[in-house]
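In: quick one, structure for this:
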Amino acid sequence: MSYYKIKGGTPLNGEVIPIPNKNSILKLIPAALLTDEPVTIHNVPNSTDVRLMLKLVRQLGGKVTFMNDRKSIKIVASGVNTFEMDPDLSQKAKASVMFMAPLLLRFGKAHMPIPGGCKLGTRPLDAFMDNMVMLGAKYKREKGYYIEAENLRGKKIWSWFPSVTGTENLVMLAVLTPGVTEIYNAAAEPHTQDLCNMLVAMGAKIEGIGSNRLIIEGVDKLKGTEWTVIPDHLDIGAYIAAAALTGGEITMKDAIPEHMQYMIQAFQKVGVQVDTKGNDLFVGKNQKLVCETTVRGDIYEIFAMPWPGLPIDFMQIMIVMALKAKGSMIMHNSFQEYGMFWIEELVKLKAKVVMADPNRVLTFGPTNFKSAKIFAPNIIQATMALFLASLSAEGETVLEDRSDSLLRRYPDLVGVYSSLGAKIERAL
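Out: Okay, here's the model as predicted:
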């Protein structure tokens, strides 16, 4: 459990290098189990979720070696000797489900307890399981999920929802399954692209990367590779918000602007202008924060959508941004039935916001956030949104993070934001 004492009102200024993409590295680690050859991954964050995933690799019999001041890892999976995942470890991170495909390919079966993760709702695994079943696997509920397969075969699959984990797990399964697998309505998020690109470097045959239609021709085996994790687009978005909320200016280095286009458009809807300088992004001082209206003059509604729409996990930060802007905005997230209930903590900071229903909130700005003692929900990005709101609040805010949500994605949060001028203390 951590306490953050945040004295708000200081403009943040400087240059930052975004953290590695959390959702990318959490899938690249299990992908290393698809080969017995060494897989070396660079730009690895020292977050708690990453440490949990590496513990699972060791628990399964794999070998993990840290290099480059622990910013690189080498995974050798030749010693993997069990299809059973440790229940305590897998309960702590939802990404543990991504070991299912590699284990199923290695042993013809895999067993996983029900995983943990952020408390966003029921988060069903139907698409995840259905995709494997369509390739020939069978599953049953048995102290979690038990999967087995004897004769996997590639086929056309129409995914009923562009599930990120469902797509990524299916891709890992398909690259070593005989025949051709076509995935329609596939997820195409940056971290999904990163996984597919690393698999191609390992010898997989995948076409359509970055689109909603993937064509995968199964190969006999994969080889080892060396790979560098892409930057985290959600972290970049947080820096954009931090600059705009505090009236400062921040340059984000090597930000892959192509991944940021829809988020940049969303920022423009509340008056934030983001400039592209080569591969860097820049937010200037004293943005004029005003909520746009529709062409008819109605309140604008921003929807969370699968990629390339506004990332579902960025809706929380956009709510804080809309609150800081003059005018009103409807923020709509229909994908997480518990994803909006953290708003009650935002209200403690004197946010002018109303929950219309479990999936929509209506903002009234501009809000001048005031200091308070607030409690972090067990949702990483909602906690980050509260942190950013606190940076612009008058006085000192105490943010109590009982489950250390922030450390799951942002291991050096205090150090990085302090280097930009933020006044923060973390206490255990």
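In: going by C-alpha atoms from here, please, whenever you check contacts or count neighbours.
Out: Will do.
In: tell me the phi and psi of the spatially most distant residue from the centre of the chain?
Out: Centroid-distance maximum for the chain: Arg296 at 34.9 Å, with CA atoms, centre = their mean. Main-chain torsions, Arg296, degrees, to the nearest 10: phi -90, psi 0.
In: what about the helices in the stretch 301-428 of the chain?
Out: Counting by DSSP state H, counting those that start in this stretch, one finds helices in the stretch 301-428 of the chain at the ranges 315-324, 343-348, 380-391, 413-419.
In: just put those in TSV and tack on distance to Thr225.
Out: Shown next, in TSV, are the helices of the stretch 301-428 of the chain (distance: least, CA to CA, whole Å):
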stretch	distance to Thr225
helix 315-324	35
helix 343-348	44
helix 380-391	31
helix 413-419	30
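In: columns mean neighbour count on top of those, output as TSV?
Out: Putting the helices of the stretch 301-428 of the chain into TSV (neighbours: other CA atoms under 10 Å) gives the following:
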stretch	mean neighbour count
helix 315-324	26
helix 343-348	18
helix 380-391	25
helix 413-419	15
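In: right, so of those, which gets closest to Leu33?
Out: Of all those, it is helix 380-391 that lies closest to Leu33, at 27.2 Å by CA to CA.
In: who's in contact with that closest one?
Out: 6-10, 118, 238, 241-242, 245-246, 313-314, 316-317, 320, 342, 345-346, 349, 369-371, 376-377, 397, 399, 401, 405-406, 408-409, 422 (CA atoms under 8 Å, 6 or more residues apart in numbering).
In: try 7 Å
Out: For helix 380-391, the surrounding residues in contact (CA atoms under 7 Å, 6 or more residues apart in numbering) are 6-9, 118, 242, 246, 313-314, 316-317, 320, 342, 346, 369, 371, 376-377, 397, 405-406.
In: let's have the helices of the stretch 301-428 of the chain in CSV, adding mean pLDDT.
Out: Converted to CSV, the helices of the stretch 301-428 of the chain look like this (pLDDT from 0 to 100):
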stretch, mean pLDDT
helix 315-324, 97
helix 343-348, 96
helix 380-391, 96
helix 413-419, 96
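In: out of the ones you listed, nearest to Leu60?
Out: So among the helices of the stretch 301-428 of the chain, helix 380-391 is nearest, using CA to CA, at 27.3 Å.
In: rewinding a little: selecting buried members of the contacts of helix 380-391 in PyMOL, what would you type?
Out: To isolate the buried members of those in PyMOL, using 16 or more other CA atoms under 10 Å:
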select buried, resi 6+7+8+9+118+242+246+313+314+316+317+320+342+346+369+371+376+377+397+405+406
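In: show me the contacts of helix 380-391 that map onto strands.
Out: Per DSSP state E, strands hold the following members of the contacts of helix 380-391: 6-7, 397.
In: which of the residues you listed lies closest to Lys71?
Out: Distances from Lys71 to those, taken as CA to CA, are shortest for Ile6 (28.4 Å).
In: which one is that closest one nearest to, not counting chain neighbours?
Out: Spatial nearest neighbour of Ile6, excluding adjacent residues (CA to CA, 6 or more residues apart in numbering): Ile424 at 4.7 Å.
In: touching, the one you found and Lys7? I think so.
Out: Yes. Using CA atoms under 7 Å, Ile424 makes contact with Lys7 at a distance of 6.5 Å.
In: and which of the ones in strands among the contacts of helix 380-391 is nearest Lys285?
Out: For those, the closest approach to Lys285 (CA to CA) belongs to Lys7, at 19.7 Å.
In: any idea what the closest one is bridged to?
Out: Taking DSSP bridges as the rule, Lys7 bridges to Glu396, Lys423.
In: quick one: it from Gln381, how far?
Out: Distance, Lys7 to Gln381, by CA to CA, to the nearest Å: 20 Å.
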